[in-house]
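Participant: coordinates for the following, if possible.
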Amino acid sequence: MKSQKSKASKSRPSEEARVARLYRNVHQDKRIYRRWMAGAEATVSTGGGGIVALTTLANAAVINATPDFASVSALYTTYRCQAIRVAVFPLLTAPVYNGAAIQTQPPVIAVFPWVSNTVPTTFAQALDVTGLKLISGYKQGVVMTSYQGDPDAHLWTGTGSAIGSNEQFGISCIGTNVASTAGSGVWRVIPMYLVEFRMVG
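Facilitator: Next up, the predicted model:
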């Protein structure tokens, strides 16, 4: 008899695939509208000690970070963010000077998703997160996450309000304890938010 692979042995679909399937699954209710919205660019930088500090991009930022949120939300009564996609681009292209020595090792940044407003605050904590990516400060990359792992994030919010703390999920970046030049930019990050709007009443 031919051996059959168990369901457990099959690889799980990537977060990108799950988000793509979520996006393709267009809701038939005409009162609901779904689209990707570009967020405000940000810079991941080192602090005064030359360490890459924690930088967090949460779904709650969509109400202020996306330029066209106000015009679209005016047509609906509630909304929720279903996914976040963050593209990172390096600002460092060569070893950087750190005091009296050349920092030949590029900064290593942990980029990780989180849910339920529970954000790791240290590099060591970030290493335990499912979906973690370690990316060189000299390289570009893309990280995605969605609300699938957080039931509270499925809740709808009035279009005049920000998403509550208990319903938040997002993507964060944090560096190792290896210092580079203090106060220097390491990455430029560009977030995209998959937002669903709904008309109630």
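
Participant: next, give phi and psi for the nearest residue to residue 166 once chain neighbours are set aside.
Facilitator: Leaving aside its chain neighbours, residue 166 sits nearest to residue 152 (5.3 Å; criterion: Cβ to Cβ, 6 or more residues apart in numbering). For the C-beta atoms, the positions are set from N, CA and C on the backbone; glycine is no exception. Dihedral angles of residue 152 (phi, psi; degrees, to the nearest 10) stand at phi -60, psi -30.

Participant: one more: the one 10 residues further on?
Facilitator: In this entry, residue 162 is assigned phi and psi values of phi -80, psi 150 (degrees, to the nearest 10).

Participant: contacting residues for it?
Facilitator: Residues near residue 162 by Cβ atoms under 8 Å, 6 or more residues apart in numbering: 60, 63, 64.

Participant: give me the distance between the most centrally placed residue in the chain and residue 62.
Facilitator: Centroid check for the chain by Cα atoms, centre = their mean gives residue 171 as the closest residue, at 3.0 Å. Counting by Cβ to Cβ, to the nearest Å, the separation of residue 171 from residue 62 is 13 Å.

Participant: now do residue 118
Facilitator: 19 Å.

Participant: what strand or helix carries the nearest residue to residue 127 once chain neighbours are set aside?
Facilitator: Sequence neighbours aside, residue 110 is the residue nearest to residue 127 in space, at 6.8 Å (criterion: Cβ to Cβ, 6+ apart). Element membership for residue 110 (DSSP states H and E) is strand 108-114.
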